[in-house]
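>>> Task: produce atomic coordinates for the following.
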Amino acid sequence: MTLLLVLAAVLVVGLAAYAVMRVSSRLAHTRARAVYDLFEAVDFVADRLPDELSSKLSYDDVQGILLWRLDHLRLQGSATYGRGDVAAAEAEGRNQEAVTRDDDSVDYVLAKASEDERDIDALDVVVVLDLESQYLKTIGALGPPAEESP
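Numbering: from 1, shown residues only. Predicted coordinates:
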């Protein structure tokens, strides 16, 4: 009887070990999903601002620029705020792989900054968005550049 219990225990432990190794192997070969964290992005950008801009732009300014950029990308169909946006786009038959020009984003951000009466100019926006691109590369969120339509 005890031999039967020992064999059953060995079988259970062996099956559990096999299941853990199989899942671990599958996860080791699965690419991690890049997730944009706004607060992490703000810290990343603010820590790398040139001295001239770090004395001019506050964390709130950097966060505002990044939020307005995300808002612009969302309006263009290039970004979502989660599954709800994706489901709505699919239901409406909208393309989720839109290409957005950086100049359009800069213009959009400048308009929003002006509405909010912030002292932010085009160079400020370009530097912040360039640093944001570095953040996106760091987290693995950027792929190869999309080809522009004629």
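
>>> for the chain, where's the lowest mean pLDDT among helices and strands?
Every helix and strand of the chain was ranked by mean pLDDT, DSSP states H and E. The lowest is helix 83-92, at a mean of 54.

>>> Buried ones in whatever helix or strand comes next after that one, by neighbour count?
As assigned by DSSP states H and E, the chain's next helix or strand after helix 83-92 is helix 102-115. Residues Ser105, Val106, Tyr108, Val109, Leu110, Lys112, Ala113 are the ones in helix 102-115 that count as buried (16 or more other CB atoms under 10 Å). Where you see a C-beta, it was placed from the backbone N, CA and C, and this is true even at glycine.

>>> how about TSV for those, with distance to Val126 and pLDDT added?
Below are the buried residues of helix 102-115 laid out as TSV (distance: CB to CB, whole Å; pLDDT from 0 to 100):
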residue	distance to Val126	pLDDT
Ser105	10	88
Val106	6	91
Tyr108	13	92
Val109	10	93
Leu110	10	94
Lys112	15	95
Ala113	13	95
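
>>> farthest-separated two in those?
Pairwise distances across those (CB to CB) peak at 12.3 Å, for the pair Ser105 and Ala113.
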